[in-house]
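Asks: give me a 3D structure for the following:
(6 chains)
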Protein chains: 4
Amino acid sequence: MKAAKRLFLEQGVGPTTIEQITSGADVAKGTFYLYFSSKDDVLSALRERFAQDLLAGIKTAVTETPDGDWKGKLAAWAAASVASYLESIRLHDILFYGSPPPTREGLINNIVIDHLAGLLQAGVDAGAWSIDDARFTAVFMFNGLHGVVEFVSTGEKRVNQKRLTRRLEGLCFRAVGETP
Amino acid sequence: MKAAKRLFLEQGVGPTTIEQITSGADVAKGTFYLYFSSKDDVLSALRERFAQDLLAGIKTAVTETPDGDWKGKLAAWAAASVASYLESIRLHDILFYGSPPPTREGLINNIVIDHLAGLLQAGVDAGAWSIDDARFTAVFMFNGLHGVVEFVSTGEKRVNQKRLTRRLEGLCFRAVGETP
Amino acid sequence: MKAAKRLFLEQGVGPTTIEQITSGADVAKGTFYLYFSSKDDVLSALRERFAQDLLAGIKTAVTETPDGDWKGKLAAWAAASVASYLESIRLHDILFYGSPPPTREGLINNIVIDHLAGLLQAGVDAGAWSIDDARFTAVFMFNGLHGVVEFVSTGEKRVNQKRLTRRLEGLCFRAVGETP
Amino acid sequence: MKAAKRLFLEQGVGPTTIEQITSGADVAKGTFYLYFSSKDDVLSALRERFAQDLLAGIKTAVTETPDGDWKGKLAAWAAASVASYLESIRLHDILFYGSPPPTREGLINNIVIDHLAGLLQAGVDAGAWSIDDARFTAVFMFNGLHGVVEFVSTGEKRVNQKRLTRRLEGLCFRAVGETP
DNA sequence: AATGAATGAGCGTTCATTCAT
DNA sequence: CATGAATGAACGCTCATTCAT
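Replies: Next comes the predicted model:
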């Protein structure tokens, strides 16, 4: 999986051959098929692992913020997301926007968005902010943030993470009707 | 190009062969190479055309809104975007998220986002709203909207376009610091 | 060998893998190579066993017919052959007509034909019938009978064994110049 | 097809690779798939051609014998069959006894046996001889003859075709109840 | 004696691309 | 301009065989 990840990042999924993966991992070609049934299968495994890691990081950050501080939790969510994505936006895109997109179910998006939707709804229930539809807003926020990180990553020379985070926190606040 | 578009939608880009395209277009295989240099080349052409059409629709809607009515223009932008994407979100995804990703330059995103950023900045200059960085907000808004449309398209049975548009307008207003 | 036989019958020799055989026999793959050197080796063993069983059945039937009754012995040969083949014609064909053909030596044919040729020659010596060349006639008779059984097995819904046997006895009689 | 036939004869069907066939025919590997869909497909084509040629030879010989001379026609059938098979018994065996045997329908056997059965029945109708069941006897005769030719081909140093033919005619006569 | 993970040569098949007609 | 037969590199995948445990 390490070899596959490296190669996918270097040349994309399509052009990477099984042979290259096994060469990179210093095993024989047949060995690959002992553990994976196809290239898509490795992709699945990488997705799974990526999603778990990402969600874990976000959850930790949000949980560490004191209960009751809803704006703080939302800011923590944004900051953790930005940090994670800055580190691995290319891997994310390769895994989740690769040619035959998976069932759209089981996308990383889903578990991360589920979690965010939960957070937003909890804020609503606690009277912290007011929004029409938590899931809806979660999708908007997630995609907006993701897009911005991607935009920034491919555009600027060096990313000013601090300013980026501050601005995204501001946009998240506005999305729930708060002022930055 | 018509045949290619249909096939890409039906089975994805990768699995579509040149032979299928030429069969579908009722020409010989060699003829393909008189007009395109490769499959990626057709993809490029389809992208170009798609982006032009999309931007044209948005521009018209925005222009038709009376000058000075900034919220109206933003709402028009959102409504036109939703309408266009609802009709062709799958084609968009196939064209712009297929592997191997294009140069990140020349993405449809760019010309549409450029336009939106212009609109936002104009609003700022006119004192209609206040935002930190127009381009930044434009990227956020564009991706948020796109994500929501995609989410809605793959999820619900039938899409309630009116409600969807209303909610997205609201989120766009909030993103520029206005109340829905 | 039991597992191999079952699999050969179910899917043919070629498509059967060593892995399937060892799975079917509930042993590890390596164990196979402790007892056989290759798939052809199992095939050989199955052939040997098949030929022994078949010849034993025929010999018994022929021996049980009183000495001197040559037509009776020939009829017994035919009846026993029909009975045996009806039960296992598919196995026979798989074992003896599979590619690559064995050395043509060691074919079941040989030991069964040898025996039949002996019987025919004994009849000649005893003045029971008159034929040109015993071995020659034995080959003809053996193959004719085998072909008929195969023909009948693959063709009809249900085989009328009694009638089949009677007719084949008749043909065997004719082949040695006797009337049925 | 010529190259395939040669290779099948030299090394058997299984061990022959598509690559060898195309090399032998001095074309590229892909060209093979322009005309055949698989190795089995070539096999089919060779079978077809073989059966046509064989049957044509037999029919000619039988037809050339004066009508009314039933024993002559049967002798002609035997002689033509022997001659054809002696020339190409190995090819026949490779084509028709290869591993995954075709549907047992469409076997050469069928069209040749059909023809022979017709001849035998015509003889019965004309009162030339008496047999129980024409098709049945045809199968017996065909397989007997085929087996003998095969036996002789693989056994002796040099085949005495004249004596072989005479003896097989004799056996065919006996099978219809005539004396040689 | 038994195991089963590892091997890697070799297979059938596909398909973008060329070019003589 | 258009054709489509021919190409052949490249791929995913299988499976008989080995051998350290």
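Asks: and the helix or strand containing residue A:33, average pLDDT?
Replies: Assigned by DSSP states H and E, residue A:33 falls within helix A:29-35. Averaging pLDDT along helix A:29-35 gives 93.
Asks: got the CA coordinates for it in CSV?
Replies: In CSV, the C-alpha atoms belonging to helix A:29-35 read as follows (Å, rounded to 0.1, in the frame of the first residue of the first chain):
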residue,chain,number,x,y,z
LYS,A,29,3.6,-9.8,-9.1
GLY,A,30,1.6,-12.7,-7.9
THR,A,31,2.0,-11.7,-4.3
PHE,A,32,-0.1,-8.6,-5.1
TYR,A,33,-3.1,-10.8,-5.9
LEU,A,34,-2.7,-12.6,-2.6
TYR,A,35,-3.8,-9.5,-0.8
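Asks: does chain C sit close to it?
Replies: No. Helix A:29-35 stays clear of chain C (Cβ under 8 Å from any Cβ of the partner chain), getting no nearer than 12.3 Å. (Glycine included, C-beta is placed from N, CA and C.)
Asks: how about the helix or strand just after that helix: buried residues?
Replies: Once helix A:29-35 ends, the next helix or strand along the chain (criterion: DSSP H and E) is helix A:39-64. The neighbour-count check on helix A:39-64 (16 or more other Cβ atoms under 10 Å in any protein chain shown) flags A:39, A:42-44, A:46-47, A:50-51, A:54-55, A:58, A:61-62 as buried.
Asks: what's the domain layout of chain A?
Replies: Domain ranges of chain A: A:1-36, A:39-175, per automatic domain parsing.
Asks: tell me the residues on chain A that lie near DNA strand F, please.
Replies: Residues of chain A found near DNA strand F (Cβ under 7 Å from any atom of the strand) are A:15, A:17-19, A:29-30, A:33, A:38-39.
Asks: out of the domains of chain A, flag the one nearest residue D:23.
Replies: domain A:1-36 (24.3 Å; Cβ to Cβ).
Asks: those residues of chain A touching DNA strand E, which are they?
Replies: So chain A meets DNA strand E at A:27-31, A:33-34 (Cβ under 7 Å from any atom of the strand).
Asks: low-confidence bits of chain A, can you list those?
Replies: A:98-109, A:156-157 (pLDDT under 70).
Asks: which residues of chain A fall in helices?
Replies: A:2-11, A:18-24, A:29-35, A:39-64, A:70-96, A:108-125, A:134-155, A:161-175 (DSSP state H).
Asks: nearest to residue B:139, out of those?
Replies: That would be, of the helices of chain A and by Cβ to Cβ, helix A:134-155, which comes in at 4.5 Å.
Asks: what helices or strands is the helix holding residue A:33 leaning on?
Replies: On a contact count with 3 or more Cβ pairs under 8 Å, 6 or more residues apart in numbering or on different chains; DSSP states H and E, helix A:29-35 meets helix A:18-24.
Asks: for the helix it packs on, buried residues please.
Replies: Neighbour count says helix A:18-24 has A:20-22, A:24 buried, by 16+ other Cβ under 10 Å.
Asks: with stretch A:162-173 instead?
Replies: A:164-173.
Asks: alpha carbons only: can I get that stretch in CSV?
Replies: Provided in CSV are the C-alpha atoms of stretch A:162-173 (Å, rounded to 0.1, in the frame of the first residue of the first chain):
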residue,chain,number,x,y,z
LYS,A,162,-2.6,31.0,9.7
ARG,A,163,-4.3,33.5,7.5
LEU,A,164,-6.0,30.8,5.5
THR,A,165,-7.4,29.2,8.7
ARG,A,166,-8.6,32.6,10.0
ARG,A,167,-10.4,33.3,6.9
LEU,A,168,-12.0,29.9,6.6
GLU,A,169,-13.2,30.2,10.2
GLY,A,170,-14.7,33.5,9.3
LEU,A,171,-16.6,31.9,6.4
CYS,A,172,-17.8,29.1,8.6
PHE,A,173,-19.1,31.5,11.2
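Asks: so what's residue A:94 up against?
Replies: Contacts for residue A:94 were tallied using Cβ atoms under 8 Å, 6 or more residues apart in numbering or on different chains; they are A:8-9, A:12-13, B:99.
Asks: could you do residue A:147 as well?
Replies: B:139-140, B:142-144, B:146-147.
Asks: mind giving me the PyMOL select for these, buried ones only?
Replies: Burial among the contacts of residue A:147 is assessed by 16+ other Cβ under 10 Å; the matching PyMOL selection reads:
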select buried, chain B and resi 139+140+142+143+144+146+147
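Asks: out of the contacts of residue A:147, flag the one nearest to DNA strand E.
Replies: residue B:146 (29.1 Å; Cβ to the nearest atom of the strand).
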